[in-house]
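Q: take a look and give me a structure for this.
(one chain, ligands or ions: 1)
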Amino acid sequence: MCPKDSAAQVPREVAQSPVRRRFAEFLLGGGLLASAISFLYPILRYLVPPAQPDLGTDSVVAGRVGDLRRNSGKVFRFGNRPGILVLTENGDYKAMSGVCTHLNCTVQYRPDLRQVWCACHNGFYDLNGRNVAGPPPRPLELYEVHVRGEEIVVDRRRGA
Ligand code: FES
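A: Numbers count the residues shown, from 1 in each chain. Next up, the predicted model:
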């Protein structure tokens, strides 16, 4: 190799090196950014769930007489959200929103405590939907229940 060739190559390598380095940094930075976004996006979607439009259903058949035994409850579909129907020990039906007012988990009936319970963070509501323990900040929306023949019909309260 002649010294002239070596001298000619050095400047070209020096000239290409910053370009390669910038390209490698660009790829690495893009990869890190994509990794960070793919990690943070699901967390953000979990913490801020998308608003679901209410389908406007004001009345649904939540079940049939005989579906529930006393001191038990069931979750039913009310539009695009869950509701909970409870048959108390006294034989009264209670219905309320099944969506916890804390972070929107679906609640369930606890026959042992005679309360509505949210398993996500141990929140409790009484059978009138009032938040009585745990983190839920507001009561559950209470619904009216009508027994029409064999059907148990749940209506949203108007103006309540
Ligand atoms: S979501 Fe129900 S207590 Fe937190």
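Q: which bits of the chain sit near the ligand?
A: Within the chain, the positions lying close to the ligand (CB under 6 Å from any ligand atom) are 100, 102-103, 105, 118, 120-121, 123, 134-136. Where you see a C-beta, it was placed from the backbone N, CA and C, and this is true even at glycine.
Q: so which of those sit within strands?
A: Those of the residues of the chain next to the ligand mapping onto strands are 118, 123, per DSSP state E.
Q: any idea which of the residues of the chain next to the ligand is closest to residue 37?
A: Closest approach to residue 37 among those (CB to CB): residue 103, at 23.3 Å.
Q: surely that closest one meets residue 121?
A: Yes: Residue 103 lies in contact with residue 121 (CB atoms under 8 Å); the separation is 7.2 Å.
Q: ok, the two, which is more surrounded?
A: residue 103 (15 against 12; other CB atoms under 10 Å).
Q: okay, the nearest residue to the more buried one once chain neighbours are set aside: pLDDT?
A: The shortest distance from residue 103 to any non-neighbouring residue, by CB to CB, 6 or more residues apart in numbering, is to residue 120 (6.3 Å). We note a pLDDT of 95 for residue 120 in this prediction.
Q: what is the neighbour count of residue 120?
A: A count of nearby residues for residue 120, using other CB under 10 Å, gives 16.
Q: contacts only, for it.
A: With contact taken as CB atoms under 8 Å, 6 or more residues apart in numbering, residue 120 is in contact with 100, 102-103, 105.
Q: switch to 10 Å and redo it
A: By CB atoms under 10 Å, 6 or more residues apart in numbering, residue 120 lies in contact with 100, 102-107, 134-136.
Q: from the chain's centre, how far out does stretch 117-129 sit?
A: 16 Å (CA atoms, centre = their mean, to the nearest Å).
Q: please name the residues that touch residue 137.
A: 101-102, 123, 131.
Q: how does this protein divide up, domain by domain?
A: 1-48, 59-156 (automatic domain parsing).
Q: pick out the shakiest of those, pLDDT-wise.
A: Among the domains of the chain, domain 1-48 scores lowest, at a mean of 77.
Q: coming back round to it: point out the most buried one among the domains of the chain.
A: Comparing these by mean neighbour count (mean count of other CB atoms under 10 Å), domain 59-156 ranks first with a mean of 17.
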